[in-house]
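> Turn this into a model:
(chains A and B)
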Amino acid sequence: RKEVEQDPGPFNVPEGATVAFNCTYSNSASQSFFWYRQDCRKEPKLLMSVYSSGNEDGRFTAQLNRASQYISLLIRDSKLSDSATYLCVVRGSSGTYKYIFGTGTRLKVLA
Amino acid sequence: DGGITQSPKYLFRKEGQNVTLSCEQNLNHDAMYWYRQDPGQGLRLIYYSQIVNDFQKGDIAEGYSVSREKKESFPLTVTSAQKNPTAFYLCASSGTGTATNEKLFFGSGTQLSVL
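Numbers count the residues shown, from 1 in each chain, chains lettered A, B, ... in the order given. Predicted structure coming up:
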């Protein structure tokens, strides 16, 4: 089993749609969780950190479920510019600064 | 401006040749990382370093070597033992110790190809 797993997609959605991605992780001692966005052949950029209480940034909402070991990302009112690959990232146990990436979920927003 | 600089942007390797990818950061981050990305794939960890003069193997360290003699620099050598080196290589850094500075920041990447 991979340490961090994501559905690779692609998810093809119309503009204005709401889309959700999930990510599961295998290490129950994982400390920190993030969503990154990557455009084709560019470096990943931080979209948002994911906190236990859930957090929102504009049209984006992230949730963490430690009991089931998954994190989610919800995008509301999708824009064409949201088309990208979304990477789930998990940092290991306390004191370990090892970040593990999921394979990414590809999103294509259609006009 | 603070950031991470990777060079070169494109690199070509001949058979049997070692090549070194440069990564420099001026963010005063303790931890630095090298990832490899193949087309349509996620990022796989090659090596990481949490402090100067110390580094650990990631999931795919075979055929690669690193050094961390200075806090700012973490060069990656792709040796001739790496039989399939063609990939996009990404260097990253992060702070340690607090939630606000533990995010990963990336350089713009080096595309390595075999001639």
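
> List the residues that contact the residue nearest the centre of chain B.
Centroid-nearest residue in chain B: B:Trp34, 2.7 Å away (criterion: CA atoms, centre = their mean). By CB atoms under 8 Å, 6 or more residues apart in numbering or on different chains, the contact set of B:Trp34 is B:21, B:23, B:45-48, B:58, B:64, B:66, B:74, B:76, B:89-92. All C-beta atoms are positioned from the backbone trio N, CA, C, and that covers glycine.

> One more: B:Gly3?
Contacts of B:Gly3 by CB under 8 Å, 6+ apart are B:Gln25, B:Asn26, B:Leu27, B:Phe105, B:Gly107.

> can you do 10 Å?
B:Glu24, B:Gln25, B:Asn26, B:Leu27, B:Ser93, B:Phe105, B:Phe106, B:Gly107, B:Ser108 (CB atoms under 10 Å, 6 or more residues apart in numbering or on different chains).

> Can I have the buried ones of the contacts of B:Trp34 as a ChimeraX selection?
One line in ChimeraX is enough to select the buried members of the contacts of B:Trp34, burial here meaning 16 or more other CB atoms under 10 Å in any protein chain shown:
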select /B:21,23,45,46,47,48,58,64,66,74,76,89,90,91,92
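
> Point out where chain A drops to low pLDDT.
For chain A, the stretches with pLDDT under 70 are A:94.

> try chain B
In chain B (pLDDT under 70), the answer is B:1-2, B:98-101.

> quick revisit: the residue nearest to the centre of chain B bridge partners, please.
Beta-bridge partners recorded for B:Trp34 (DSSP bridges): B:Tyr47, B:Cys91.

> Okay then, goodbye and thanks.
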